[in-house]
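[1] please find the sequence and the predicted model below.
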Amino acid sequence: MRCKVAKRRMNESIDGLDRELLEHILECPSCARAAEAAGILRKVFQAARENETQLSTPLEIIRTRIESKAQESKRKVAIMARIKRQFRARPGLVTGFGLGLIAFLFVTLVPFSYTRTVGYNLTCPKSDAQYEISTEKYEDALELLGITDVSVRSAGEYYEVGNLASRRAARQAALTYAALTDSEDKSEITEVKRKVAGSLYAQAKENYRLALKNKNRHQISITTEGMTDEEIKEAILKKLAENGWTDAQVRVSTEPDGNRRISVQMSTPDSSHQEMFELETSGTAEDIYMDFGTAGDKLDIDTEGKSDEEIRQEIIEKLKDQSIIDPEVEVITTPDGQKEIKINIRKEEESK
Amino acid sequence: MNNELFWKLLEPVHPKAEAFCRRLAGNRDDGDDLYQEGLLMALRKFGSLRDHKAFRPWLFRLMINCYRNRQRSSWWRRHVSLTGKLSESRGNPDPRKRLDSRRWLELALSSLSSENRALVVLFEIEGWTISELALMFQKPEGTIKARLSRSRHRMRRVLEKYLPEQKQSASEGEYALQSSKTTDE
């Protein structure tokens, strides 16, 4: 008998070996080894058959378990089966989903940044004409045109208008100034550029920050026409109380030149923050607008590994975001390594 | 009503089916998991079973499919048995002396594909006939026989690797002869 035939016979059945096969095994060591393995196989199968006494779990227990699981997974399976069916029917969906996910992660997380125009500044040279106007009047005029939330300041020979939202608004502001002063339009419009993060995550974070800031801002307006100081004080207190500021201290006084001086001191409802506002209104002003905020004005600056100048620039940028133009910022590193930061802010209607 | 019928049909098959799953999975815990998974699937698909007489092959077929799906599942979902493989050292060829026949069996079965493993377990241990297997796997009897033969060859080759080398051919022959006699008796 040949080895090939012997091994085939061993494969055909593991139950027993015939005489012819045995004779071959005695002569051939290779086939003997195969026969030995076959013998082991036979024994382990036999042992497995005899070892059928494994305790089986009572059917009632299995039934309880399966039925509760079936109940749980019924809904889940239905949804999953529907999704699986959709994916099986359209194999391109998997690729599409994968690519979409990669694109989404890229757009959301990759921190690429770019420079963007965030607003416009207008510089108008003061005219020599007799029709010079005050900043308040100019602001009122702009507001009538729908240009709000701008900062107008007089700086020597110029009027500077900041926070203009668009070039069109800047142009309108320039023409308004020329018309009010009866002068030629010599104003200059400059773009305010800022490096912004392009990732969706960074933009969402920025939007959230702005929303939070706006949430913490309140505005009250009072028409003061024909009102005495005491009546204005009562009106301010009433409006503040409506906004939850109950412990405000308001002082209203009229100066000899007819200007009104209003100061308001109050703390946040949780007493964690104190604010002091001072307003000066001209005799002609009939309306008072107070725009005040709380926690939203906090500055978060990471000073790690930054030079004093870099920190200074960052503070100026952040203050600019809060409509505070040209603050005086001084950053000094003391000999013991501590940073000493001095910020001096001057605003027309508000000082902190 | 359908559920009641399912449990009624399962009752006589339950111990064998559970044991089959344990053999297929290689250990009791994984086997029980497999059995429950198979039963869940069977319960859901019971409505599609037309001939209730074919419940047993249908149920076993589902169990095999479940097992095959588990083996094919992604690497992060695959179940890995904590039971270690048979020691690489060459052991005693007689399983009775070492009481490790179960491990020898697991070693032999691990060399097979999930489908062939099920086939061998059903034929060699559960005692299914070739015709029953042919019906269940929906293959001709010749194919089933050929697959069983190939599986035996493969298992034998695996076991051969673990046999001690120092044994002389004469004693091997003697061993084979003794086993043959035992079987004849």
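    Sure, I can see it.

[2] okay, now the domains of chain B?
    Domains of chain B are assigned by automatic domain parsing as B:1-74, B:97-164.

[3] for chain A, that is, sorry about that
    A:3-50, A:59-109, A:113-197, A:220-292, A:299-344.

[4] comparing those, which yields the minimum mean pLDDT?
    When the domains of chain A are compared by mean pLDDT, domain A:220-292 comes last with a mean of 69.

[5] which SSE is whichever residue of the stretch 201-350 of chain A sits closest to chain B in?
    As assessed by Cβ to the nearest Cβ, chain B sits closest to A:Tyr201 within the stretch 201-350 of chain A, at 27.1 Å. Every C-beta, even on glycine, is put in place using the N, C-alpha and C of the backbone. Secondary structure assignment for A:Tyr201, by DSSP states H and E: helix A:200-215.

[6] show me what that helix is packed up against.
    With contacts taken as 3 or more Cβ pairs under 8 Å, 6 or more residues apart in numbering or on different chains; DSSP states H and E, helix A:200-215 sits against helix A:92-109, strand A:188-197.

[7] pull the CA atoms of it into PDB?
    Extracted in PDB, the C-alpha atoms of helix A:200-215 (Å, rounded to 0.1, in the frame of the first residue of the first chain):
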ATOM      1  CA  LEU A 200     -15.900  76.000  12.400                       C
ATOM      2  CA  TYR A 201     -15.100  75.200  16.000                       C
ATOM      3  CA  ALA A 202     -13.200  78.400  16.400                       C
ATOM      4  CA  GLN A 203     -16.000  80.400  14.800                       C
ATOM      5  CA  ALA A 204     -18.700  78.800  16.900                       C
ATOM      6  CA  LYS A 205     -16.600  79.500  20.000                       C
ATOM      7  CA  GLU A 206     -16.300  83.200  18.900                       C
ATOM      8  CA  ASN A 207     -20.100  83.400  18.200                       C
ATOM      9  CA  TYR A 208     -20.800  81.900  21.600                       C
ATOM     10  CA  ARG A 209     -18.500  84.400  23.300                       C
ATOM     11  CA  LEU A 210     -20.300  87.300  21.500                       C
ATOM     12  CA  ALA A 211     -23.700  85.900  22.300                       C
ATOM     13  CA  LEU A 212     -22.700  85.600  26.000                       C
ATOM     14  CA  LYS A 213     -21.500  89.100  25.900                       C
ATOM     15  CA  ASN A 214     -24.700  90.400  24.400                       C
ATOM     16  CA  LYS A 215     -26.700  88.400  26.800                       C
END
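
[8] pLDDT averaged over it - what is it?
    76.

[9] next, the angle helix A:92-109 makes with that helix.
    50 degrees (axes from the mean of the first three to the mean of the last three Cα atoms, to 10 degrees).

[10] got the angle for helix A:200-215 vs strand A:188-197?
    The directions of helix A:200-215 and strand A:188-197 differ by 120 degrees, with the same axes, to 10 degrees as the criterion.

[11] in the stretch 51-200 of chain A, which residue sits nearest chain B?
    Counting by Cβ to the nearest Cβ, the stretch 51-200 of chain A gets nearest chain B through A:Ser56, at 4.1 Å.

[12] correct me, but that residue touches B:Ala17?
    No: if you go by Cβ atoms under 8 Å, A:Ser56 and B:Ala17 don't touch, sitting 9.1 Å apart.
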